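**Student:** Pasted the sequence and its predicted model underneath.
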Amino acid sequence: MSRDLLIDFYKSFQLRDYNSMNLMYTENSHFKDPVFELKGKEISAMWHMLCERGTDLKITFKNVEADHKTGSVDWIAEYTFSATGRKVRNVVHAEFEFEHGKVIRHTDHFSFYRWSVQAFGIPGILLGWTPFLQKKVQRQAAVSLRSFINKN
């Protein structure tokens, strides 16, 4: 059942169906990746924002594994990073914890350095390994999400 939930989640992501994706989380869920750390409704807003803005977003996934408590998926997001217009291919390993048949914790792991090189080019090569750039991207993403929430 949890494996089916993850398959449905990523199929919904492929369709940019954030409403269906959001139904798969508990109300008090947690999400974390190298850019965001979110809780509850913030997660819904993030998926809404990413799906709406990602006009050329392409999602592929494989290696879906799950039992009734935990799960994992390897997935790839290909898109144009709007801030620079550069193409990104982000390879992600996701880990999940489930409660009452829904996601309570979702953690995405990816190389921030590899992502920043693709997203920023030379500045990413020079600064992508530093906490400075990661914190700057985290701040900008938080401001962007907050603005998106206020408008929606």
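**Tutor:** Cool, the structure landed. As the structure is a prediction and not an experimental result, all values here were calculated from the model. Residues are numbered from 1 along each chain as shown.

**Student:** Report the mean per-residue pLDDT for the helix or strand harbouring Asp8.
**Tutor:** Following DSSP states H and E, one finds Asp8 within helix 2-14. For helix 2-14, mean pLDDT rounds to 96.

**Student:** tell me what the lengthiest helix in the chain is packed against?
**Tutor:** Ranked by residue count and defined by DSSP state H, the top helix of the chain is helix 131-151. In terms of contacts (3 or more CB pairs under 8 Å, 6 or more residues apart in numbering; DSSP states H and E), helix 131-151 is packed against helix 41-53, helix 112-120, helix 122-127. Backbone N, C-alpha and C define where each C-beta goes, glycine included.

**Student:** buried stuff in the worst-scoring helix or strand of the chain on mean pLDDT?
**Tutor:** Within the chain, no helix or strand scores below helix 122-127, which has a mean of 92 by mean pLDDT, DSSP states H and E. By neighbour count on 16 or more other CB atoms under 10 Å, the buried set for helix 122-127 is Gly124, Leu127.

**Student:** and the lengthiest strand in the chain, C-alpha only, in CSV?
**Tutor:** In the chain, with assignment by DSSP state E, the single longest strand is strand 86-99. Output of strand 86-99 as CSV, limited to C-alpha atoms (Å, rounded to 0.1, in the frame of the first residue of the first chain):
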residue,chain,number,x,y,z
ARG,A,86,19.9,27.4,-17.2
LYS,A,87,18.9,23.7,-17.6
VAL,A,88,19.1,21.5,-14.5
ARG,A,89,19.0,17.7,-14.2
ASN,A,90,18.7,17.1,-10.5
VAL,A,91,19.3,13.5,-9.3
VAL,A,92,17.4,12.9,-6.0
HIS,A,93,17.1,10.1,-3.5
ALA,A,94,14.0,10.5,-1.4
GLU,A,95,13.3,8.8,1.9
PHE,A,96,9.8,8.6,3.5
GLU,A,97,8.2,7.8,6.8
PHE,A,98,4.5,6.9,6.9
GLU,A,99,1.8,7.3,9.5
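
**Student:** I appreciate the help and will end here.
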